[in-house]
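K.L.:
Okay, sequence plus prediction incoming.
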Amino acid sequence: MRNFERSPQPQNELKQGIPRIKVPEEETTPDQKEILESAISFAEYLTHRWPQVDIVKKPVVKIDDKGTTVELPELPEGMETETRLNYYLCGSLATMLLAGATSFTEIDGTQLPALVEVCTRKIPESARTILASFARQIGDLDYVPMNHYKKAEDPTRLGKGGGGPSFDEVPEAGRKVLRRGENQIKVMCDPLEAYGIKRVAKVNVGGRYYYIPTPDTILAYKVLHLLQNYEQKPEKFNADFGKLLSALKEMYSEEELIQITRQILTHYEETMEASHDRLVKLFFEGEENQRPYEKKIPKSIERVLANQQLSPEIRAMLESLREQK
């Protein structure tokens, strides 16, 4: 595994690309500090009750007389084991955990659910301060399950809807980060889909390891989200995107951020097209004048760029993506 720190980018390079928002150098508020502490307590409880990682025995196989590979019916003692990722946390909870770490280790997405570490990047204090400003209560629990985890019909595993903890069983220290609706008994769980290769990072917060999206992926999905919903909360998107971009530029080059965003948008488009084709085949196969798939991302980019409320940071990012589409 490689360890490295990325050197600062030349100032002239930043001026030519996406503008850097001026983020006020201010401490987090007392309420935000309480929420951050509560987020860590909740994550500790959650991952203890529903482990993100399992230790499993590697399958033992032999070759029979016919040259066929078969699995041994009995597993010998002392056989080799491996760690396997079950799910990783997303959304605001992941961002708050990232704010509490001093570095993150990238996991090889092509080897998942096996955990193969690739490299480690430092998180500068300035970036952690910005990330801490995202401290907020969460209305549901966002996570991405691995294929083996979501397919298993096991009530002891996290599941969509009420397949997670009840509010009353969460330790009191971990409740402040949760936004509870009227008559709501359980924390709502929302399993999400990742587009393309899952990009996962390991962070150490308070001596415990957690698995979250890589920080560049958090920005990429923020772009996808604003392309879908910018008009609903333009001021919030402007503020959040500017702060997040400023923090991530402390860890990545601008080219890296644009590249991963473009990759995820491309995989999203491919997923949408495949879904469209399945529906056409299911309901309209054999019919003439079948409606072809129309790409969503280029139209969304043009729609959002036409909005006069758009911040300079979002506009520069979308224009860069438009040039490379």
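P.N.:
Cool, got the structure.

K.L.:
what about the closest residue to residue 245 other than its chain neighbours, which helix or strand?
P.N.:
Nearest in space to residue 245, with sequence neighbours left out and distances taken as Cβ to Cβ, 6 or more residues apart in numbering, is residue 313 at 5.5 Å. Yep, even glycine has a C-beta here, placed from its N, CA and C like the rest. Per DSSP states H and E: residue 313 is located in helix 312-324.

K.L.:
returning to what we had before: can you count the residues close to the residue nearest to residue 245?
P.N.:
If you count neighbours by other Cβ atoms under 10 Å, residue 313 ends up with 19.

K.L.:
Kindly provide the distance from it to residue 121.
P.N.:
Relative to residue 121, residue 313 is positioned 22 Å away (Cβ to Cβ, to the nearest Å).

K.L.:
Ok, residue 219 next?
P.N.:
Applying Cβ to Cβ, the value for residue 219 to residue 121 is 14 Å.

K.L.:
How about residue 112?
P.N.:
Going from residue 112 to residue 121 by Cβ to Cβ gives 19 Å.

K.L.:
Give me the more crowded residue out of those two.
P.N.:
Neighbour totals were compared for residue 112 and residue 121, and residue 121 leads with 21 against 18 (other Cβ under 10 Å).

K.L.:
what sits against residue 38?
P.N.:
173, 174, 175, 176, 177, 178 (Cβ atoms under 8 Å, 6 or more residues apart in numbering).

K.L.:
Would you mind giving the residues you listed as a markdown table with neighbour count and distance to residue 41 added?
P.N.:
Converted to a markdown table, those look like this (neighbours: other Cβ atoms under 10 Å; distance: Cβ to Cβ, whole Å):
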| residue | neighbour count | distance to residue 41 |
| --- | --- | --- |
| 173 | 15 | 4 |
| 174 | 20 | 4 |
| 175 | 17 | 9 |
| 176 | 17 | 9 |
| 177 | 24 | 8 |
| 178 | 21 | 11 |
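
K.L.:
ok, of those, which one's closest to residue 130?
P.N.:
Checking these against residue 130 by Cβ to Cβ gives residue 177 as the nearest, at 18.9 Å.

K.L.:
show me the contacts for that closest one.
P.N.:
Contacts for residue 177 (Cβ under 8 Å, 6+ apart) come out as 35, 38, 39, 41, 42, 93, 96, 137, 138.

K.L.:
Around the fifth one, how many other residues sit close by?
P.N.:
By other Cβ under 10 Å, 24 other residues sit near residue 42.

K.L.:
for the helix or strand hosting it, what is the average pLDDT?
P.N.:
In the assignment (DSSP H and E), residue 42 maps to helix 30-49. Per-residue pLDDT over helix 30-49 has a mean of 96.

K.L.:
Restricting to C-alpha, output it in CSV.
P.N.:
Taking C-alpha atoms only, helix 30-49 is exported to CSV below (Å, rounded to 0.1, in the frame of the first residue of the first chain):
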residue,chain,number,x,y,z
PRO,A,30,-21.5,24.2,19.7
ASP,A,31,-24.6,22.5,18.2
GLN,A,32,-22.6,21.2,15.2
LYS,A,33,-19.9,19.9,17.6
GLU,A,34,-22.6,18.0,19.5
ILE,A,35,-24.0,16.6,16.3
LEU,A,36,-20.5,15.5,15.1
GLU,A,37,-19.9,13.7,18.4
SER,A,38,-23.4,12.1,18.2
ALA,A,39,-22.7,11.0,14.7
ILE,A,40,-19.6,9.1,15.8
SER,A,41,-21.5,7.5,18.7
PHE,A,42,-24.3,6.4,16.4
ALA,A,43,-21.9,5.0,13.8
GLU,A,44,-20.0,3.1,16.6
TYR,A,45,-23.3,1.6,17.8
LEU,A,46,-24.6,0.9,14.2
THR,A,47,-21.4,-0.9,13.0
HIS,A,48,-21.2,-2.9,16.2
ARG,A,49,-24.7,-4.1,15.8
